[in-house]
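Trainee: Fold the following and give me the result.
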Amino acid sequence: MFRSLYSRLAITLFLLLCLVGLVLVQIIGRASLLYQQEVAQKLNRELAEHIVADHSLSAGQLLNQSALDRMFESMMVINPSIEVYLLDIYGRILAYNAPSGAVKRQRVSLSPIREFLADNTRFPLAGDDPRSLSGRKVFSAAAVPGQGYLYIVLGSERYQHIAAMIGDSYILYSAMAVVLVSLIVALAGGLSVFALLTRRLRRLGSVMRAYAADSTDSPVRYPADSPDEIDCLGRQFNVMADRISRQLADLKRADNTRREMVANISHDLRTPLTSLRGYLETLEIKREELHDQQRQDYLRVALRQARRLGRMVDELFELARLDAFEAIPFAEPFSLGELAQDVSQSFRLRAKQEKVRLEVRVHPDTPLVHGDIGMMQRVLENLLENGLRHTPAQGRLSVWVEPRADGVQVSVSNTGSAIRADEIERVFERFYQQDKSRHGNHGAGLGLAIVRRILELHGSAIQVNSNLEQGTAFRFFMVADVA
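Mentor: Next up is the predicted model:
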């Protein structure tokens, strides 16, 4: 039961309040004692002066013993709680009304007496107790002409013992009652506050447990509606839960992609390998039966399948290498328009053979861009390769490079059949092929995935627009070089 936060807070509060209560009892007892002494000393401040005025304690330079005896006798009758001492000018005790042997001191310090007789005295003021070698008590004092001082201790041992019993009992019970009531009230209030605070912590804990046990994709949320630390922690939990849910969703998608990729790799690699092996086995088995033209045809087909297999392996390695990058490895300013013209020039012969018209338009005011020129060349090559595969004979393939507000826009468009709306996002997936039966479609479905990854490394994105009337256009934007 003491392992919960609430129980630990409650025990800590209780112990602190007990400690505070003990301190308060000591403070109250000390303050009460000082108050009693202050009241007694203020009430009897002029007692010694009145006694000196009423009794002639000296006759010239001699001590009036009879007057002194009468004074001691009357003080014992009128107020037995006081002790009267006659001191000389050096503080030595000349006479007193205490029993024989009770006085332990031979002299009394005069410093408290002089301070008492001053006008700015602060009470209570304690002086030496003649009956004790170390004790101090409140007193009243007055100067005795020709002799010294009359020193009156306010409260004899007997009186002090009785007063201490009564006072201690009263103070103790009063202090205990006050501290006990204060302790109960403070403890009840503190426990109520702790219950309110820990209630929200318990609710947050239950939300976390529910989230840990929940198997759905929608995370359990903590209803944070105040700016304090607990709700701030709840909001951070909500952010963490959303992030974990997104990461789990990404992991599921990545796992599905991995499974699909393995299946696609197995299928796409098996096809050229099977074809290559079939033609080579045919050449080996029937090499005596085939004439030269057939052997050349078989070798040409096998070589084409080997090249296709090599391209697929190269693209796989290239995509894996791009996935390992987190930034552009070699960035420099270059002309994207000139790069587009150079890459387009390398495709003109193939476009002419496939009866596709290749157009390149570069605006003369196109600014330089900052990036990896080799990677951007790969982007343009893949887009043109994809465009040629999907452009029918007598069609048109266009490359436009135009300046924009703060950069350059590149558009690669072709005429031909359009991409369905539900397939536009999927064309950038790895190994996705829209129509494998289409003319010239012998790729592995990695070209556009490589394009998107390279543009992501350059802080850009690619867009696709497709309709039956105008065909398909791929567009991306590059920020202009500011150096």
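
Trainee: Run through the helices of this protein in chain order.
Mentor: 5-43, 47-54, 65-78, 111-117, 157-213, 229-285, 292-324, 336-353, 373-389, 447-457 (DSSP state H).

Trainee: Contacts for stretch 290-301, please.
Mentor: Under the contact criterion CB atoms under 8 Å, 6 or more residues apart in numbering, stretch 290-301 has outside partners S275, Y279, T282, L283, R287. Just so you know, the C-beta spots here come from the backbone N, C-alpha and C atoms, and that holds for glycine as well.

Trainee: quick one: which of those residues is most hemmed in?
Mentor: Y279 (20 neighbours; other CB atoms under 10 Å).

Trainee: Contacts only, for that one.
Mentor: Y298, L299, V301, A302, Q305.

Trainee: Just give me the neighbour total for the second one.
Mentor: The one in question is L299. So L299, with other CB under 10 Å, has 13 neighbours.

Trainee: Tell me the one of the contacts of stretch 290-301 nearest N414?
Mentor: S275 (28.5 Å; CB to CB).

Trainee: Okay, strands next: where are they in the stretch 351-483 of the chain?
Mentor: 357-362, 369-371, 396-403, 407-414, 462-467, 471-479 (DSSP state E, counting those that start in this stretch).

Trainee: which other helices and strands contact the third one?
Mentor: Packed against strand 396-403, as judged by 3 or more CB pairs under 8 Å, 6 or more residues apart in numbering; DSSP states H and E, are the following elements: helix 336-353, strand 357-362, helix 373-389, strand 407-414.

Trainee: So what are the sheet partners of that strand and their directions?
Mentor: The pairing partners recorded for strand 396-403 under DSSP bridges are strand 357-362 (parallel), strand 407-414 (antiparallel).

Trainee: got the angle for it vs strand 471-479?
Mentor: Taking axes from the mean of the first three to the mean of the last three CA atoms, to 10 degrees, strand 396-403 and strand 471-479 form an angle of 20 degrees between their directions.

Trainee: From the chain's centroid, how far away is strand 396-403?
Mentor: With CA atoms, centre = their mean, to the nearest Å as the basis, strand 396-403 stands 51 Å off its chain's centre.

Trainee: and what of the first one?
Mentor: A distance of 57 Å separates the centroid of the chain from that of strand 357-362, by CA atoms, centre = their mean.

Trainee: Outside of that strand itself, list whatever touches it.
Mentor: Against strand 357-362 from outside (CB under 8 Å, 6+ apart): 337-338, 340-341, 344, 347-348, 351, 395-402.

Trainee: In the stretch 151-300 of the chain, where is pLDDT below threshold?
Mentor: Along the stretch 151-300 of the chain, the parts satisfying pLDDT under 70 run over 155-172, 175, 215-219, 257, 260-265, 267-268.

Trainee: residues touching S275, list them.
Mentor: Contacts of S275 (CB under 8 Å, 6+ apart): V301, A302, Q305.

Trainee: er, R105 I mean
Mentor: I93, D128, D129, P130, R131, S132, L133.

Trainee: For those, could you give me JSON lines that also reports neighbour count, distance to F116 and pLDDT?
Mentor: Converted to JSON lines, these look like this (neighbours: other CB atoms under 10 Å; distance: CB to CB, whole Å; pLDDT from 0 to 100):
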{"residue": "I93", "neighbour count": "18", "distance to F116": "17", "pLDDT": "88"}
{"residue": "D128", "neighbour count": "24", "distance to F116": "12", "pLDDT": "91"}
{"residue": "D129", "neighbour count": "21", "distance to F116": "15", "pLDDT": "89"}
{"residue": "P130", "neighbour count": "23", "distance to F116": "16", "pLDDT": "90"}
{"residue": "R131", "neighbour count": "18", "distance to F116": "19", "pLDDT": "88"}
{"residue": "S132", "neighbour count": "13", "distance to F116": "19", "pLDDT": "88"}
{"residue": "L133", "neighbour count": "9", "distance to F116": "21", "pLDDT": "87"}
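
Trainee: Filter these down to the ones in strands?
Mentor: I93, D128 (DSSP state E).

Trainee: so how far is stretch 252-260 from its chain's centroid?
Mentor: 34 Å.

Trainee: With stretch 205-216 instead?
Mentor: Worked out by CA atoms, centre = their mean, stretch 205-216 lies 22 Å from the chain centre.

Trainee: Could you list the residues in contact with that stretch?
Mentor: So stretch 205-216 is contacted by P219, V220, R221, Y222, G234, F237, A241 (CB under 8 Å, 6+ apart).

Trainee: Need the max-distance pair from those.
Mentor: Farthest pair in the contacts of stretch 205-216, by CB to CB: P219 and G234, 12.7 Å.

Trainee: So these two - more neighbours on which side?
Mentor: The residue with more neighbours, out of P219 and G234, is G234; 23 against 20, by other CB under 10 Å.

Trainee: My guess is that one contacts L201. True?
Mentor: No - G234 lies out of contact with L201 (CB atoms under 8 Å); the separation is 9.6 Å.

Trainee: Report the residue spans of the stretch 351-483 of the chain with pLDDT below the cut-off.
Mentor: In the stretch 351-483 of the chain, residues with pLDDT under 70: 430-445, 483.

Trainee: Give me the distance from stretch 231-244 to the chain's centre.
Mentor: Worked out by CA atoms, centre = their mean, stretch 231-244 lies 12 Å from the chain centre.

Trainee: ok, residues contacting that stretch?
Mentor: Under CB under 8 Å, 6+ apart, the answer for stretch 231-244 is R200, L204, V207, M208, Y211, P219, V220, R221, Y222, P223, A224, D225.

Trainee: By neighbours, which of the contacts of Y279 wins?
Mentor: Q305 (21 neighbours).

Trainee: if I look at that residue, how far off is L19?
Mentor: 89 Å (CB to CB, to the nearest Å).

Trainee: need the contacts of Y279 in JSON lines with distance to G148, can you?
Mentor: Compiled in JSON lines, these are given as follows (distance: CB to CB, whole Å):
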{"residue": "Y298", "distance to G148": "144"}
{"residue": "L299", "distance to G148": "142"}
{"residue": "V301", "distance to G148": "140"}
{"residue": "A302", "distance to G148": "138"}
{"residue": "Q305", "distance to G148": "134"}
